[in-house]
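Chemist: Fold the stuff below for me.
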Amino acid sequence: MSTVHQLIGVAEPGGLLFECESCGRRLVIDRDTGEMVIVDHGDRAALHRGSIGDISLSVPEVHRS
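Modeler: Purely as a prediction, here's the structure:
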């Protein structure tokens with residue numbers, strides 16, 4: 001079973017910034033394209049979830065071989 005971390009969302013001029021207080025994961029979603037860029041990976045094995053306004057985000061864990 002995966003660990004679930006909560007992402008805290010903040011609206012910034014360039015997009016939506018989500019941060020995890022547990023592991024330091026940071027990601028940005030571009031307002032125009034919807035593209036997601038992970039700035040800091042944090043705990044790659046955790047499932048990250050969060051929301052801001054009407055936008056809900058769930059980022060699955062990364063499986064490494």
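Chemist: Which secondary structure elements does the longest strand along the chain sit against?
Modeler: Across the chain, the longest stretch assigned as strand under DSSP state E is strand 4-12. Counting by 3 or more C-beta pairs under 8 Å, 6 or more residues apart in numbering; DSSP states H and E, the packing neighbours recorded for strand 4-12 are strand 15-20, strand 47-52, strand 55-59. Quick note: C-beta positions are derived from backbone N, CA and C, even for glycine.
Chemist: what about Leu17, how many residues close to it?
Modeler: Leu17: 17 surrounding residues under other C-beta atoms under 10 Å.
Chemist: How about Val28?
Modeler: 16.
Chemist: That one touches Val39, doesn't it?
Modeler: Yes. Using C-beta atoms under 8 Å, Val28 is in contact with Val39, at 6.3 Å.
Chemist: can you tell me how far Pro60 sits from Ile8?
Modeler: Separation of Pro60 from Ile8 (C-beta to C-beta, to the nearest Å): 19 Å.
Chemist: These two: who's more crowded?
Modeler: More neighbours surround Ile8 than the other of Pro60 and Ile8, with 12 against 9 (other C-beta under 10 Å).
Chemist: Give me the residue ranges of the chain where confidence is low.
Modeler: Residues of the chain meeting the criterion pLDDT under 70: 1, 61-65.
Chemist: so how far is Asp30 from Glu12?
Modeler: From Glu12 to Asp30 the distance is 11 Å (C-beta to C-beta).
Chemist: I meant Val37, not that one.
Modeler: For Val37 relative to Asp30 (C-beta to C-beta), the value is 8 Å.
Chemist: and if you look at Cys20?
Modeler: Taken as C-beta to C-beta, the span from Cys20 to Asp30 is 19 Å.
Chemist: who's more crowded, those two?
Modeler: Taking other C-beta under 10 Å, Cys20 and Asp30 do not tie; Cys20 has more neighbours (21 against 12).
Chemist: Might you report the residue contacts of the more buried one?
Modeler: His5, Gln6, Leu7, Ile8, Arg26, Gly42, Asp43, Ala46, His48 (C-beta atoms under 8 Å, 6 or more residues apart in numbering).
Chemist: Having no further points to raise, I will conclude here.
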